[in-house]
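> Fold the following.
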Amino acid sequence: MITQGDIDKHYRKHLLNYRKAGYRFLKDHGWAEDAVQEAYLRSLKYRDLVDVRDIDGWMYTILVNVFRRFRQKMRANGIVMEANPHAFPVEVFPKERYSPEDLQELIDKVKNKRQRVALSLFAIKGYTAPEIEDLFDIPQGVTYTAWKRLKQSLVEE
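Numbers count the residues shown, from 1 in each chain. Predicted coordinates:
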């Protein structure tokens, strides 16, 4: 059985990391703070209903669920989540140098489904990485990593 003291101790120890994760997920400090507090309150509320062996994993699950719920609330209220301008540069794939058929052939060779989707949207459809993240919940890092690998394969050929 997990006690309130255990949750308080864990919460204080990881509070800064929780806030950072909330900001990365919600892109707003106020909403992130509210979400972290909500997650804390939920952990206190449900601590007696579950048998917690791994408090880190349990808190992470609660946080992610609360962050997702808050993101839905933000979107429902018409709040646009701005991409962090310092996270990644907003770039557009130079698709005029390659035919869509050649790009699609290379993209089809990518094994990871999320990377294939991100690359198709980025390289062929012309979406930016922040747009892909907002519309399809594919992190910008997935798009840029896949793009970097695709560029390497284009150079190697």
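
> now the helices for the protein?
Shown for the chain, the helices assigned by DSSP state H span residues 4-26, 29-46, 55-76, 100-108, 113-119, 129-136, 140-156.

> could I get the ones you listed as JSON lines with mean pLDDT?
Formatted as JSON lines, the helices of the chain follow (pLDDT from 0 to 100):
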{"stretch": "helix 4-26", "mean pLDDT": "87"}
{"stretch": "helix 29-46", "mean pLDDT": "89"}
{"stretch": "helix 55-76", "mean pLDDT": "85"}
{"stretch": "helix 100-108", "mean pLDDT": "80"}
{"stretch": "helix 113-119", "mean pLDDT": "83"}
{"stretch": "helix 129-136", "mean pLDDT": "79"}
{"stretch": "helix 140-156", "mean pLDDT": "76"}
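
> Serialize those helices to a markdown table and add fields for mean neighbour count.
The way it works is simple: take the backbone N, C-alpha and C, and place the C-beta from them, glycine included. Below are the helices of the chain laid out as a markdown table (neighbours: other C-beta atoms under 10 Å):
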| stretch | mean neighbour count |
| --- | --- |
| helix 4-26 | 15 |
| helix 29-46 | 17 |
| helix 55-76 | 16 |
| helix 100-108 | 14 |
| helix 113-119 | 19 |
| helix 129-136 | 18 |
| helix 140-156 | 15 |
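
> can you list the domains in the chain?
Split into domains by automatic domain parsing, the chain comes to 4-76, 95-156.

> Quick check on the residue nearest to the spatial centre of the chain: phi, psi?
Centroid-nearest residue in the chain, with C-alpha atoms, centre = their mean: P139, separated by 4.8 Å. With angles defined as degrees, to the nearest 10, P139 sits at phi -60, psi 150.
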